[in-house]
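Visitor: Provide a 3D model corresponding to the input given below.
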Amino acid sequence: MLPRLTATRYVTPLREGGSLPAVVEADDDGTYVLKFRGAAQGLRVLVAEVIVGEIARALGLLVPDLAVVELRREIARYEADQEVQDLLVASLGSNLGVDFLPGALGYDGSLPPDRETAERIVWLDALTTNVDRTWRNPNLLVWHGGTWVIDHGAALYQHHSWENTAPDPGRFARAPFDLSTHVLRAIAPSIRDRHREFAAVAGAAIPAAVDAVPDEWLATTPELPDPAANRLMYVRMLTERLANPDAWIVEDT
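Guide: Okay, here's the model as predicted:
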């Protein structure tokens, strides 16, 4: 279960990408990068952030602490930027807070992770179909000598079709993953031999990672009428994918 906090001050927007995350302070005296429920990508981006982030943590990767951060109307009231104010008003309620790492550097390859870490990251991205870890957008930070994985909202992208198409765990399980553009491909040219080891850890972590998602972020559909049905589908999708590595570990590109 993620800790629940309340935002006390909006500090500054982070104008990278289209979702306009922001730095906020919370009532635990911490500082967080806030990912907004009202951003254009919708709540399922936050769901992916939590599930994949917690699986990454179980794999021993460095992941900033996550929290559910309540955003109240008074935070938006005095924001002069109309675009920001509109986003804040649209995001009243629970949002995702990612622990802010002061002084962290964006990954540029000059301080690469060791091969073990790189293999874990590449395997995680292949498992969760995370297409957003390329040189164009590494989504890695270097902080205190370690490589930290961030921004997993593009993972599990198949769930964005659930409103229009019945969820298909088998199709997700068989979806190949293109390693050729991964930012760490040169460090981890092969992950196939590590699958059994990593899969044992991830398989044990999946239920708790899914349970960490707040009920209010799990949208209902005719096939998924309540949060419990949503959780079961995420667990089923990922578990079936773990059992079909030959379909998605494609290393001849």
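Visitor: Run through the helices of the stretch 1-150 of the chain in chain order.
Guide: With DSSP state H, counting those that start in this stretch as the criterion, the stretch 1-150 of the chain has helices at 43-58, 73-77, 82-90, 115-127.
Visitor: mean confidence for the first one?
Guide: The reference is to helix 43-58. Per-region confidence: helix 43-58 scores 98 on mean pLDDT.
Visitor: And the shortest one, by the same measure?
Guide: Along helix 73-77, the predicted local confidence has a mean pLDDT of 83.
Visitor: now for it, which elements pack on it?
Guide: strand 4-13, helix 82-90 (3 or more C-beta pairs under 8 Å, 6 or more residues apart in numbering; DSSP states H and E). In this view, the C-beta of every residue, glycine as well, is placed from N, C-alpha and C.
Visitor: Need those in JSON lines (columns: distance to Leu105).
Guide: Shown next, in JSON lines, are the helices and strands packed on helix 73-77 (distance: least, C-beta to C-beta, whole Å):
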{"stretch": "strand 4-13", "distance to Leu105": "18"}
{"stretch": "helix 82-90", "distance to Leu105": "26"}
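Visitor: Nearest to Val45 among those would be which one?
Guide: helix 82-90 (13.7 Å; C-beta to C-beta).
Visitor: can you list contacts of the closest one?
Guide: 10, 13, 20, 22, 36-39, 71, 73, 75-76, 79 (C-beta atoms under 8 Å, 6 or more residues apart in numbering).
Visitor: Go again with 7 Å.
Guide: For helix 82-90, the external contacting residues (C-beta atoms under 7 Å, 6 or more residues apart in numbering) are Pro13, Leu20, Phe36, Gly38, Ala39, Leu71, Ile75, Ala76, Glu79.
Visitor: If you rank the residues you listed by neighbours, which is first?
Guide: Highest neighbour count within these: Leu71, with 26 neighbours (other C-beta atoms under 10 Å).
Visitor: Test of understanding: give the bridge partners of that residue.
Guide: Assessed by DSSP bridges, Leu71 has beta-bridge partners Gly93.
Visitor: mind listing what it touches?
Guide: Going by C-beta under 7 Å, 6+ apart, Leu71 touches Ala7, Leu88, Ser91, Leu92, Gly93, Asn95.
Visitor: one more time with 6 Å, if that's ok
Guide: Leu71 is in contact with Ala7, Ser91, Leu92, Asn95, counting by C-beta atoms under 6 Å, 6 or more residues apart in numbering.
Visitor: so which of those residues is the most crowded?
Guide: Going by other C-beta under 10 Å, Asn95 tops the contacts of Leu71 with 26 neighbours.
Visitor: Kindly give the local confidence score, pLDDT, for that residue.
Guide: The model reports Asn95 with a pLDDT of 98.
Visitor: cool, Asp252 as well?
Guide: 64.
Visitor: what's the helix or strand for Leu184?
Guide: Using DSSP states H and E, Leu184 sits within no helix or strand.
Visitor: With adjacent residues omitted, what lies nearest to Gln158?
Guide: Among residues not flanking Gln158 along the chain, Phe172 sits closest, at 5.2 Å (C-beta to C-beta, 6 or more residues apart in numbering).
Visitor: Verify the contact between that neighbour and Tyr157 for me.
Guide: No - counting by C-beta atoms under 6 Å, Phe172 does not reach Tyr157; the two are 9.9 Å apart.
Visitor: Show me where the chain dips below the pLDDT cut-off.
Guide: 15-19, 80, 252-253 (pLDDT under 70).
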